[in-house]
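Q: Okay, structure incoming, though there's no sequence with it:
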């Protein structure tokens, strides 16, 4: 009996075959002995060979595969790009973490039967300028709360968030080259794959936030194949996409992309420095570029839906606190963090300062335009120095705010109409039920009218500004 039982238990870790084997081959008198032997065998096996059996199904098949666990080791570790809690690290009970209540209002929806034992990988892809920094900072500074629900945050570091581990800094430039231009390196994906494998082994769910994955072009198979290799066969995958109204997002993206404080705006154009375009030019270039690369929101959403069965959209315009809506909606499997945020609604959170207009952008554009006209000797003075001089002189003349004190060039009536129509069409596509509600189209039109009144679709008119002879005299006197 003992060899039979040991063999069956080692193969499938189930006691029932042992009982059958004992009853058939030895008779009733040895059933008790069989039970004891089986129990001892299973205890030993579960302690030393926990969960060696894995049955996978491709992510693209949209079927829930069975996950029965993974071997663990207290000495497991990850390289310097990742800081991972080692297996066996005790997690504090809810009562020891301030502001966390035992959650009873949220359930692990969709997790039943064997699928419940399959780990969850939540992939938050942004897009940029949809609260990604706010989400990353809050999750990164509340890892202990996430850990109460066995969720590990594997996200982007922001120093202003409190200095939690940075998993992206080393590969930031490589990732931009990869997602934007499909010029990928194995080192980039090896690091992420290694971290994902670790958390799978220690049976942790993962929340990974990286807005650069939004920019992956439609024909970049190198990204899709590596990302698929990491996630296809091991996880229950959920992609989270945040929706922001197009006209509102476009303004924020403009000021993010052309912030004169960035290093790419410190050199003169002939030395490789970038130039701040007019908002009108930016709008037209964006339309063409995003269409050609297939990175419009509706395109990205469709592309992920073709690969993942669970795509969740968090609407920035729905009622309530954004962070509460995000964590309660995107990761309902982590109710402690959801409740934590709900308990502190109204408290300050870290936001991306680039979401506001840069105070120096128009002054930088004045400096560059003067340089291009030959009014400034670029070899004798730096771009930053000219920009600061322009800013100081503008304030002296009572021109302290770009959008208020300078003549502006706005979108044409045709461009405004096209932008509004695209914004309406996008909302109807991305969040159709919300769009059909009183919070939908009517609010889109009202918000667009308010943006026009605020001159949000305008930028400084260089031609008109530099017609003032004071500027020529000012620049000519610089050395």
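A: Yep, it's here. Just so it is clear, the model here is predicted, and its values are computed rather than measured.
Q: What ranges does this protein have for its strands?
A: Secondary structure of the chain by DSSP state E: the strands cover 120-124, 151-155, 205-209, 236-243, 311-315, 408-410, 458-460.
Q: closest to residue 137 out of the ones you listed?
A: Across the strands of the chain, residue 137 has its closest neighbour in strand 151-155 (9.1 Å, C-beta to C-beta). For every residue, glycine as well, the C-beta is placed using N, CA and C.
Q: Which elements pack onto the closest one?
A: Counting contacts by 3 or more C-beta pairs under 8 Å, 6 or more residues apart in numbering; DSSP states H and E, strand 151-155 packs against helix 132-140, helix 143-147, helix 186-201, strand 205-209.
Q: So residue 127 is in contact with residue 299, correct?
A: No - with contact defined as C-beta atoms under 8 Å, residue 127 does not reach residue 299; the gap is 11.3 Å.
Q: Compare the two (neighbour count), which wins?
A: A count of neighbours by other C-beta atoms under 10 Å puts residue 127 above the other of residue 127 and residue 299, at 20 against 14.
Q: quick one on the thing from earlier: now for the helices and strands packed on strand 151-155, which one comes closest to residue 367?
A: Nearest of the helices and strands packed on strand 151-155 to residue 367, taken as C-beta to C-beta: helix 132-140 at 28.6 Å.
Q: As TSV, the helices and strands packed on strand 151-155 with mean neighbour count would be great.
A: Output for the helices and strands packed on strand 151-155, formatted as TSV (neighbours: other C-beta atoms under 10 Å):
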stretch	mean neighbour count
helix 132-140	23
helix 143-147	21
helix 186-201	18
strand 205-209	24
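Q: Same list, these, but as TSV with mean pLDDT and distance to residue 287 please.
A: Formatted as TSV, the helices and strands packed on strand 151-155 follow (pLDDT from 0 to 100; distance: least, C-beta to C-beta, whole Å):
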stretch	mean pLDDT	distance to residue 287
helix 132-140	90	23
helix 143-147	94	39
helix 186-201	84	30
strand 205-209	93	28
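Q: so where's the stretch 1-150 of the chain shaky on pLDDT?
A: 1-117 (pLDDT under 70).
Q: show me what contacts residue 258?
A: By C-beta atoms under 8 Å, 6 or more residues apart in numbering, the contact list for residue 258 reads 265, 274, 276, 277, 282, 358, 361.
Q: Out of these, which comes closest to residue 410?
A: So of these, ranked by how close each gets to residue 410 (C-beta to C-beta), first place is residue 282, at 12.6 Å.
Q: Neighbours of the closest residue in space to the closest one that isn't next to it in sequence, how many?
A: Once flanking residues are discounted, residue 282 sits nearest to residue 254: 5.2 Å by C-beta to C-beta, 6 or more residues apart in numbering. Using other C-beta under 10 Å, residue 254 has 23 neighbouring residues.
Q: Repeat that for residue 450.
A: 11.
Q: And it, what's its pLDDT?
A: Per-residue pLDDT puts residue 450 at 97.
Q: now swap in residue 414 and tell me
A: Residue 414 carries a pLDDT value of 97.
Q: count of neighbours near it?
A: For residue 414, the neighbour count with other C-beta under 10 Å is 8.
Q: Now for the closest residue to residue 406 other than its chain neighbours: which residues touch it?
A: Sequence neighbours aside, residue 460 is the residue nearest to residue 406 in space, at 4.7 Å (criterion: C-beta to C-beta, 6+ apart). Residue 460 makes contact with 362, 365, 366, 402, 406, 407, 408, 409 under the criterion C-beta under 8 Å, 6+ apart.
Q: Kindly report the same for residue 265.
A: By C-beta under 8 Å, 6+ apart, residue 265 lies in contact with 258, 259, 273, 274, 276, 364, 383.
Q: just those now: which is nearest residue 137?
A: Using C-beta to C-beta, residue 259 comes nearest to residue 137 of the contacts of residue 265, at 18.9 Å.
Q: which residues does the residue nearest to residue 406 bridge with?
A: For residue 460, the beta-bridge partners under DSSP bridges are residue 408.
Q: That one and residue 234, how far apart?
A: From residue 460 across to residue 234, the span is 52 Å (C-beta to C-beta, to the nearest Å).
Q: And residue 184, by the same measure?
A: 21 Å.
Q: rewinding a little: can the helices and strands packed on strand 151-155 go into CSV with extra columns for distance to residue 289?
A: Shown next, in CSV, are these (distance: least, C-beta to C-beta, whole Å):
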stretch, distance to residue 289
helix 132-140, 20
helix 143-147, 36
helix 186-201, 23
strand 205-209, 25
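Q: what about the ones you listed, which gets the closest to residue 430?
A: Comparing these by C-beta to C-beta, helix 132-140 comes nearest, at 16.8 Å.
Q: That closest one to strand 151-155, inter-axis angle?
A: With axes from the mean of the first three to the mean of the last three C-alpha atoms, to 10 degrees defining the directions, helix 132-140 sits at 140 degrees from strand 151-155.
Q: Give the other helices and strands that helix 132-140 contacts.
A: Counting by 3+ C-beta pairs under 8 Å, 6+ apart, helix 132-140 packs on strand 151-155, strand 205-209, helix 322-330.
Q: repeat that for 6 Å
A: Identification of packing neighbours for helix 132-140 by 3 or more C-beta pairs under 6 Å, 6 or more residues apart in numbering; DSSP states H and E yields strand 151-155.
Q: for the helices and strands packed on strand 151-155, which one sits closest to residue 216?
A: helix 186-201 (12.3 Å).
Q: how much space between the residue nearest to residue 269 when sequence neighbours are not counted and residue 242?
A: Among residues not flanking residue 269 along the chain, residue 275 sits closest, at 5.5 Å (C-beta to C-beta, 6+ apart). As for residue 275, its distance to residue 242 is 30 Å (criterion: C-beta to C-beta).
Q: Can you pull out the residues in contact with stretch 433-444?
A: 315, 423, 424, 427, 428 (C-beta atoms under 6 Å, 6 or more residues apart in numbering).
Q: Out of those, list just those in helices.
A: 423, 424, 427, 428 (DSSP state H).
Q: Out of these, which is nearest to residue 190?
A: Nearest member of the ones in helices among the contacts of stretch 433-444 to residue 190, counting by C-beta to C-beta, is residue 427, at 39.1 Å.
Q: list the contacts for that closest one?
A: Residues counted as contacts of residue 427 (C-beta under 6 Å, 6+ apart) are 435, 444.
Q: at 10 Å instead, please
A: Counting by C-beta atoms under 10 Å, 6 or more residues apart in numbering, residue 427 touches 243-246, 297, 315, 317, 434-435, 440-441, 443-444.
Q: Same question for residue 287.
A: Going by C-beta under 10 Å, 6+ apart, residue 287 touches 250, 296, 415, 418, 419, 422.
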